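S.K.: Generate a structure from the sequence data that follows.
(chains A and B)
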Amino acid sequence: GEDVEQSLFLSVREGDSSVINCTYTDSSSTYLYWYKQEPGAGLQLLTYIFSNMDMKQDQRLTVLLNKKDKHLSLRIADTQTGDSAIYFCAEKAGGGNKLTFGTGTQLKVEL
Amino acid sequence: GAVVSQHPSWVICKSGTSVKIECRSLDFQATTMFWYRQFPKQSLMLMATSNEGSKATYEQGVEKDKFLINHASLTLSTLTVTSAHPEDSSFYICSALGTGNTGELFFGEGSRLTVL
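M.R.: Numbering: from 1, shown residues only, chains lettered A, B, ... in the order given. Got it, this is the predicted structure:
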């Protein structure tokens, strides 16, 4: 079955880097995604990585994928207060279009 | 990027009434939309997959007679919560499958339902 786990909470100081981790169990994942959810809002796609890639960088965001360990991480460089939100990783597995979402990590950025 | 809009964003209703939530893809056609339910401080739970022109596919444990889904056009899917009860109070989010080959989903802003 599909199971996606994340740590629940992360607190960092403004200007530091944040690393949000995600583990998944389905080895047939094709795409893995990171979404950001601000309070009372829908989800905003931040970035995604194809399963045959190890790393993807997009401005302040770096995604690392360790397919052997089924571990995905999102690094946010120079974290700002506006980055405070809940971050969900999600995987798409098999041939369908359904996503399985992680439990979500609440990131709090302190001054 | 593609825009998905939900309406209403917030609704309060009495027990026993039905509530309809709309999900529209504003600048693209979406043959597939998804409906999720999110409880406070929890992840998104997929309720059903909405396919244009055919019946929705419901996830296990989701009552299809309770949560009616209609996807009558390529830009609109609706979720109707019938005979709502306080335990149906939740944040409902829809997403639409984009037309690219990355399987990107575009999410609506969410609709908060409170049943009194």
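
S.K.: Just list the residues touching the most centrally placed residue in chain B, thanks.
M.R.: Taking Cα atoms, centre = their mean, the centroid of chain B lies closest to residue B:35, which sits 3.6 Å from it. Counting by Cβ atoms under 8 Å, 6 or more residues apart in numbering or on different chains, residue B:35 touches B:23, B:46-48, B:50, B:67, B:69, B:77, B:79, B:92-94. All C-beta spots, glycine's among them, are computed from the backbone N, C-alpha and C.

S.K.: try residue A:58
M.R.: By Cβ under 8 Å, 6+ apart, the neighbours of residue A:58 are residue A:47.

S.K.: Please report how far it lies from residue A:47.
M.R.: 5 Å (Cβ to Cβ, to the nearest Å).

S.K.: and what of residue A:61?
M.R.: Counting by Cβ to Cβ - residue A:61 and residue A:47 are separated by 5 Å.

S.K.: Show me whatever sits in contact with both of the two.
M.R.: Here residue A:61 and residue A:47 have A:34, A:74 as joint contacts, going by Cβ under 8 Å, 6+ apart.

S.K.: Who are the contact partners of the residue of chain B found nearest chain A?
M.R.: Using Cβ to the nearest Cβ, the closest approach of chain B to chain A is made by residue B:107 at 4.0 Å. Residues near residue B:107 by Cβ under 8 Å, 6+ apart: A:35, A:42-45, B:4, B:93-95.

S.K.: Which members of the contacts of residue B:35 occur in strands, if any?
M.R.: B:23, B:46-48, B:50, B:67, B:69, B:77, B:79, B:92-94 (DSSP state E).

S.K.: so what's residue A:15 scoring on pLDDT?
M.R.: As predicted, residue A:15 sits at a pLDDT of 96.

S.K.: show me the contacts for the nearest residue to it once chain neighbours are set aside.
M.R.: Sequence neighbours aside, residue A:78 is the residue nearest to residue A:15 in space, at 5.9 Å (criterion: Cβ to Cβ, 6 or more residues apart in numbering or on different chains). By Cβ under 8 Å, 6+ apart, the contact list for residue A:78 reads A:15, A:17, A:60.

S.K.: Many thanks, I have nothing further to ask.
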